[in-house]
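Q: here is my input, please return the structure:
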Amino acid sequence: MLKNILFIAKKDFHYSLKEKTLLLWLFIMPLVFFGFIGSTTGGLAGGNSNEVTNVALWENKPGDVENIPLAKQIVYRLKQENLNVVVFNEVNDKEERKFHFENYTRRLWLPENMQQKLDNNEQIEVEYASKASGLTQDRDQFSIEKALYQTLGDILVVKKLTESNVELTFDDVNKLQRNINVDIQSAGEKQEIPSGFNQAVPGILVMFIMMIALSSGSLSLFLERQSGVLKRLAATPLTNREIILGKWLGKWFITILQLLYGMIMGWLLFKIHWGNHLIAIVIILLLWAAFNSALAVLLGSFAKSEGQVSAISTIGSLLLAALGGCWWPIEITPMWMQNVATFLPTGWIMDILHKLMYFGGQLQDISIQVIALLILTIIAMTTAFKKFKYA
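A: I've put the predicted structure just below:
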């Protein structure tokens with residue numbers, strides 16, 4: 001029995017590799033998607049918290065930042081928040097330089113006569129504009145607001161001590177000893193949400209395994225059913241179990257090839273570290289490939305046209321990939337989308353990969369998702385056996 005199953009699987013595997021279109025999607029397109037998606041989604045997770053961000057600051061007159069104590073203190077506090085302040089005015093913005101004020105993603109405008117307004121206890125408004133989005137925008141806005149509130153605190157300290165006949169400047173305030181100290185201790189390794197290639201390579205690989213199985217695998221089975229090849233197989237001494245298992249195993253071999261190629265190329269070309277649970281990740285991805293191979297047999301048995309196969313496999317793969325977190329980190333999406341992902345097999349597999357690769361998770365942390373994926377695979381295999389059609 002095993003010999004017959006392997007014979008059918010090998011023939012099916014070799015026949016599939018003769019298709020030039022399949023070879024393109026197996027070996028070329030994954031690299032294209034890895035590179036494109038990885039390079040365009042590098043900042044979705046907010047980036048490194050230690051990264052220095054450029055902020056363009058517009059001063060009304062050349063030298064305001066250096067000559068006006070309040071403006072100088074604001075710049076000092078911005079730099080304390082790891083913001084690189086680039087000062088612009090009417091003179092230097094017109095000079096030949098690499099960037100002009102309008103070219104910067106983040107920009108601040110200091111109001112006119114701000115020192116006089118401070119001395120007269122008038123409200124001072126600092127204008128901020130940003131082209132950033134998502135968590136990056138939230139982080140930058142928080143840092144700028146924090147710097148401004150710290151400056152406000154410095155003003156209060158100066159005024160309070162001045163009332164006590166103590167002459168104090170902002171430079172003196174910056175040197176004062178802090179009365180409140182925050183004891184910071186590590187609560188464990190920091191968990192960075194994967195972005196860029198760290199997100200794209202595993203996510204796109206999961207999508208391609210599903211897409212290759214459902215499109216190429218189900219289409220080849222449909223064409224064999226339409227041309228009568230399956231009828232002729234049914235007329236041989238081979239049993240139904242051997243034929244179905246052989247066809248399923250042949251599709252599985254294709255997805256395994258996709259899996260191994262994607263993991264190796266991700267490691268060599270995009271420097272992906274597959275984590276400390278490499279064997280577990282490979283086994284789980286093999287289970288994912290087995291599930292999609294069973295779906296391919298099922299779709300190939302029910303499809304009534306090539307167009308139907310293409311539509312279901314393509315739309316279904318793209319939709320499940322998007323909602324399950326293959327294109328972007330599901331952790332940065334709205335809560336409703338994160339809730340949807342918990343009911344999708346793509347959401348399960350991406351949650352497993354993120355936990356094992358990036359969040360320091362252990363095998364017991366993914367047990368529920370693995371069991372759910374295993375149950376779904378068994379259901380898909382059982383249904384594929386019962387509903388398999390030769391014609």
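Q: pop the domain breakdown of the chain in here.
A: The record's domain parsing of the chain by automatic domain parsing lists 2-44+196-387, 53-175.
Q: make JSON lines out of the ones you listed and add mean pLDDT.
A: Formatted as JSON lines, those follow (pLDDT from 0 to 100):
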{"stretch": "domain 2-44+196-387", "mean pLDDT": "88"}
{"stretch": "domain 53-175", "mean pLDDT": "82"}
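Q: dump those domains to TSV, plus mean neighbour count.
A: Glycine gets a C-beta too; all of them are placed from N, C-alpha and C. Shown next, in TSV, are those (neighbours: other CB atoms under 10 Å):
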stretch	mean neighbour count
domain 2-44+196-387	18
domain 53-175	15
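Q: please enumerate the helices of the stretch 251-391 of the chain.
A: Remark: helices assigned in the stretch 251-391 of the chain by DSSP state H, counting those that start in this stretch are 278-302, 306-324, 335-341, 345-357, 367-387.
Q: now tabulate those in a markdown table and tack on distance to Ala147.
A: As requested, the helices of the stretch 251-391 of the chain are exported to a markdown table (distance: least, CB to CB, whole Å):
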| stretch | distance to Ala147 |
| --- | --- |
| helix 278-302 | 43 |
| helix 306-324 | 38 |
| helix 335-341 | 30 |
| helix 345-357 | 33 |
| helix 367-387 | 42 |
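Q: these: which one's closest to Ile155?
A: Of all these, helix 335-341 sits nearest to Ile155, with 39.3 Å by CB to CB.
Q: what does the closest one rub up against?
A: With CB atoms under 8 Å, 6 or more residues apart in numbering as the test, helix 335-341 has contacts from 323-325, 330-331, 333, 347, 350-351.
Q: make TSV from the domains of the chain and add distance to Asn181 to it.
A: Putting the domains of the chain into TSV (distance: least, CB to CB, whole Å) gives the following:
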stretch	distance to Asn181
domain 2-44+196-387	30
domain 53-175	16
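Q: hmm, back to that, how about the contacts of helix 335-341 in CSV, adding distance to Ala56?
A: Converted to CSV, these look like this (distance: CB to CB, whole Å):
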residue, distance to Ala56
Leu323, 38
Gly324, 39
Gly325, 35
Ile330, 34
Glu331, 31
Thr333, 31
Gly347, 40
Met350, 38
Asp351, 40
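Q: which one of the residues you listed is nearest Ala384?
A: Gly324 (21.8 Å).
Q: isn't the closest one up against Thr342?
A: No: between Gly324 and Thr342 there is no contact, the gap being 9.7 Å when judged by CB atoms under 8 Å.
Q: between those two, what contacts are shared?
A: Here Gly324 and Thr342 have Trp348 as joint contacts, going by CB under 8 Å, 6+ apart.
Q: circling back to that earlier point, between all of the contacts of helix 335-341, which two are separated the most?
A: Greatest spacing in these, by CB to CB: Leu323 and Glu331 (14.1 Å).
Q: hmm, back to that, so which of the contacts of helix 335-341 is the closest to Lys271?
A: Closest to Lys271, out of all of the contacts of helix 335-341 and judged by CB to CB, is Met350, at 20.1 Å.
Q: how much space between the closest one and Glu125?
A: Separation of Met350 from Glu125 (CB to CB, to the nearest Å): 44 Å.
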